[in-house]
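**Q** heads up, no residue letters with this:
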């Protein structure tokens, strides 16, 4: 078997509307209602599916809000990222700092969404 790429991730949300607002206003992701009450967030060719933690499907049992930890890439310069997060009152927990990403070195900052998921926002360097 050969895995070729990641299709999407899923986050359980305590308040889907708050998560949609955060990801669309702070990170510029596009919310889409895929089915009545079933939302996802889109950016580039990527997708984050959202489960309402109060009504998650049985297959998602054990998934809890705030357990996400992932890295996303942007071409926005790091100083602009830091200023943008500050303008949205988003506290940076670590960084900017250099780390190793999937394809090589990255410069990144860490912060949390309203459910306390840890987000690493990075530039390739």
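**A** Here it is on my side, so go on. In this text, all values refer to a predicted model and were calculated from it rather than measured experimentally.
**Q** report the contact partners of residue 77.
**A** Contacts here follow Cβ atoms under 8 Å, 6 or more residues apart in numbering; on that basis residue 77 touches residue 123. C-beta here means a position set from N, CA and C on the backbone, and glycine is covered the same way.
**Q** one more pass at 7 Å, please.
**A** Going by Cβ atoms under 7 Å, 6 or more residues apart in numbering, residue 77 touches no other residue.
**Q** just the strands in this protein please.
**A** Counting by DSSP state E, the chain has strands at residues 8-13, 30-35, 38-43, 46-52, 69-73, 92-100, 105-112, 118-124.
**Q** looking at these, which is nearest to residue 62?
**A** strand 8-13 (9.7 Å; Cβ to Cβ).
**Q** which elements pack onto that closest one?
**A** In terms of contacts (3 or more Cβ pairs under 7 Å, 6 or more residues apart in numbering; DSSP states H and E), strand 8-13 is packed against strand 46-52.
**Q** turn the strands of the chain into JSON lines, including mean pLDDT.
**A** Converted to JSON lines, the strands of the chain look like this (pLDDT from 0 to 100):
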{"stretch": "strand 8-13", "mean pLDDT": "94"}
{"stretch": "strand 30-35", "mean pLDDT": "96"}
{"stretch": "strand 38-43", "mean pLDDT": "96"}
{"stretch": "strand 46-52", "mean pLDDT": "94"}
{"stretch": "strand 69-73", "mean pLDDT": "95"}
{"stretch": "strand 92-100", "mean pLDDT": "97"}
{"stretch": "strand 105-112", "mean pLDDT": "97"}
{"stretch": "strand 118-124", "mean pLDDT": "95"}
